[in-house]
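# I would like to see how this sequence folds:
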Amino acid sequence: MTFQKSILCIGAGYVGGPTMAMIACKCPQYKVTVVDINPERIAQWNSDNLPIYEPGLSEVVSIARGRNLFFNTDIEKSIKESSIIFVSVNTPTKTFGAGAGMAADLQYWEKTARKILENADSSKIIVEKSTLPVKTALAMERILTSNGNGVRFDVLSNPEFLAEGTAISDLEDPDRVLIGSRETKRGISARDELVEIYANWVSDEKILTANIWSSELSKLVANAFLAQRISSINAISALCEKADADVSEVARAVGMDSRIGSKFLNASVGFGGSCS
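Got it, this is the predicted structure:
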């Protein structure tokens, strides 16, 4: 079968796997490949026992797997064959050195950038999917152009906004899809190719285009705002205990204010989760 274009995702984790499965499901005209250095994880994606659980994920994967969705460990070959490469590797918090306990550890991201540089022999659109510090795209551009081999790379930002437990519905009917690009003619052309992919199932008004730095920062700001809501309602919960009030009743009353809204007002454990 001849496909219109080949899309690659490096990283078969919580973001990369479901996102690529949805793209493959909605865009049968594209070949979508997901690669990972972990053979056990890839074996699970090729089985009925997927490495992560999300309601509806297995159904989406079963529709496209073997048709236009493929999982393997041949990273070098897949880089050569693909025109659009999503980078969705883990960016955990650093555990040592400067910024330990606070800053993102970009070692996996940097290794991926160098792997792309080593194996790319034609122009590529590189899409940041991981959660990254602002201006990471600039660092990636510097790595990709470091050997002067003449291969053109366009780096875009396309952050994910998925929530555990609702990832598939978030992908199928997103609040928005954000695509950041350089303000250049070349960057706009690359951006339009990514817009074209999402336009297969996402309405035009939900596809937002922005400056690449605005896109990177928007992901971090969204995380910060949600974390603030969780921290706030947990603090209110402690106050309710002192005042003999019911935090669920307070949250319901406050959440019905249209300026505030009811989401992320359930007092519980602190915020956290995977970062990829």
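
# do a quick rundown of the strands in the stretch 101-250 of the chain.
With DSSP state E, counting those that start in this stretch, the ranges of strands along the stretch 101-250 of the chain come out as 124-128, 153-157, 177-181, 207-211.

# the first one - contacts with which helices or strands?
So the one you mean is strand 124-128. Contacts defined by 3 or more C-beta pairs under 8 Å, 6 or more residues apart in numbering; DSSP states H and E place strand 124-128 against strand 84-87, helix 136-144, strand 153-157, helix 185-198. (C-beta placed from N, C-alpha, C; glycine too.)

# any idea how far the closest residue to I188 other than its chain neighbours is from N211?
Closest residue to I188 apart from its sequence neighbours, by C-beta to C-beta, 6 or more residues apart in numbering: S181 at 6.4 Å. According to C-beta to C-beta, to the nearest Å, S181 and N211 sit 8 Å apart.

# neighbour count winner among these two?
S181 (26 against 15; other C-beta atoms under 10 Å).

# any idea how far apart the tips of stretch 40-53 sit?
The straight-line separation of the ends of stretch 40-53 (C-alpha to C-alpha, to the nearest Å) is 16 Å.

# re earlier: mind putting the helices and strands packed on strand 124-128 into JSON lines with distance to V15 and mean pLDDT?
Formatted as JSON lines, the helices and strands packed on strand 124-128 follow (distance: least, C-beta to C-beta, whole Å; pLDDT from 0 to 100):
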{"stretch": "strand 84-87", "distance to V15": "9", "mean pLDDT": "98"}
{"stretch": "helix 136-144", "distance to V15": "16", "mean pLDDT": "92"}
{"stretch": "strand 153-157", "distance to V15": "14", "mean pLDDT": "95"}
{"stretch": "helix 185-198", "distance to V15": "15", "mean pLDDT": "86"}
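
# next, format those as CSV and append mean neighbour count and distance to N266.
Putting those into CSV (neighbours: other C-beta atoms under 10 Å; distance: least, C-beta to C-beta, whole Å) gives the following:
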stretch, mean neighbour count, distance to N266
strand 84-87, 24, 32
helix 136-144, 18, 32
strand 153-157, 24, 30
helix 185-198, 17, 30
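
# out of those, which is closest to E216?
strand 153-157 (5.1 Å; C-beta to C-beta).
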